[in-house]
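In: next comes the sequence, and after it the predicted model I'd like to discuss.
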Amino acid sequence: MITTTTPAARPSNPFTAPVWLIFYGLLALVALFVGVFIVLRPVVVLPRITLAPGFRLTDQTGAQLSNEDLRGSITLYNFTHTGCQDNCPQTSNIMAQVQARLDELNTGDIPVRLVTISIDPETDTPEQLAAYAAQLGADPAVWQFVTGSPVQIKSVVGGGFSVYYATREDGIRFDPAFMLVDGAGLWRAEYRTAAPDVDIILRDINLLAEEAQHADGPSRLAYEAAHLFLCYPR
């Protein structure tokens, strides 16, 4: 009599799962991750508009200031001229308010710089700008006023930052604007008005500082995800 032996069934492994189940599980995790950033927005960032224009201009002391000198700093720009008086959209008072409130910021070791670019380089010499800076109470360690040739200024202001200005018989006409640039030289925010909310400018500076402080390590992934899912301030 021949006896056949049936192989013993292998015990099932509770830790194994079909490939399709693993795939859909991972897909669900990705969907959850996306939902968190779209709905809850745990990290908020400013958009990366484009690379800010490069320049080498002359400040109110006669020294050269370039965009590379501002690397590593968060820089707020405005555009005006010393002859901007009545019926002129003056923006320097907003810069003065920002300077007065810099101690409210929490930027760690990241410096904040203010740069005013004159759109009347034929009139605004370094000496003229120095007098204007003194009138505004500008701290030269923080706030610089720069000028250059008409071609340089048009390239930086009109071409680089897309700010309109033109000299007419009745004076210089320009669209008031402020631009915020991060320490990597990326243009991150624009305020195209003569009277932006200073609280919003300070908030945005803090957002750039927080992002820079988390540029390394695991938290960098969260910031990149925030950029991917357009988690911008409302």
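Out: Sure thing, it's come through.
In: from here on, just use CA atoms for contacts and neighbour counts.
Out: Noted.
In: show me the helices in this structure, by range?
Out: Ranges of helices within the chain are 19-35, 92-100, 126-136, 150-153, 198-213, 219-228, based on DSSP state H.
In: now the shortest one: buried residues?
Out: So the one you mean is helix 150-153. By neighbour count with 16 or more other Cα atoms under 10 Å, helix 150-153 contains the buried residues Gln152, Ile153.
In: now do it, average pLDDT.
Out: The average pLDDT within helix 150-153 is 98.
In: who touches that helix?
Out: Phe55, Leu57, Ile117, Ser118, Ile119, Asp120, Pro121, Glu122, Thr147 (Cα atoms under 8 Å, 6 or more residues apart in numbering).
In: quick one on the thing from earlier: can I get the helices of the chain in CSV with distance to Leu46?
Out: Output for the helices of the chain, formatted as CSV (distance: least, Cα to Cα, whole Å):
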stretch, distance to Leu46
helix 19-35, 19
helix 92-100, 19
helix 126-136, 29
helix 150-153, 26
helix 198-213, 7
helix 219-228, 8
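In: to Asp182, which of the ones you listed lies closest?
Out: Smallest distance to Asp182 across the helices of the chain (Cα to Cα): 6.6 Å, for helix 198-213.
In: all strands for the protein, in order.
Out: Under the criterion DSSP state E, the chain contains strands at 50-51, 56-59, 64-66, 74-80, 112-118, 143-147, 165-168, 171-174, 178-181, 186-191.
In: would you turn the ones you listed into JSON lines with mean pLDDT and distance to Ile205?
Out: Below are the strands of the chain laid out as JSON lines (pLDDT from 0 to 100; distance: least, Cα to Cα, whole Å):
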{"stretch": "strand 50-51", "mean pLDDT": "98", "distance to Ile205": "17"}
{"stretch": "strand 56-59", "mean pLDDT": "98", "distance to Ile205": "23"}
{"stretch": "strand 64-66", "mean pLDDT": "98", "distance to Ile205": "21"}
{"stretch": "strand 74-80", "mean pLDDT": "98", "distance to Ile205": "7"}
{"stretch": "strand 112-118", "mean pLDDT": "98", "distance to Ile205": "8"}
{"stretch": "strand 143-147", "mean pLDDT": "98", "distance to Ile205": "15"}
{"stretch": "strand 165-168", "mean pLDDT": "94", "distance to Ile205": "26"}
{"stretch": "strand 171-174", "mean pLDDT": "95", "distance to Ile205": "25"}
{"stretch": "strand 178-181", "mean pLDDT": "98", "distance to Ile205": "8"}
{"stretch": "strand 186-191", "mean pLDDT": "98", "distance to Ile205": "10"}
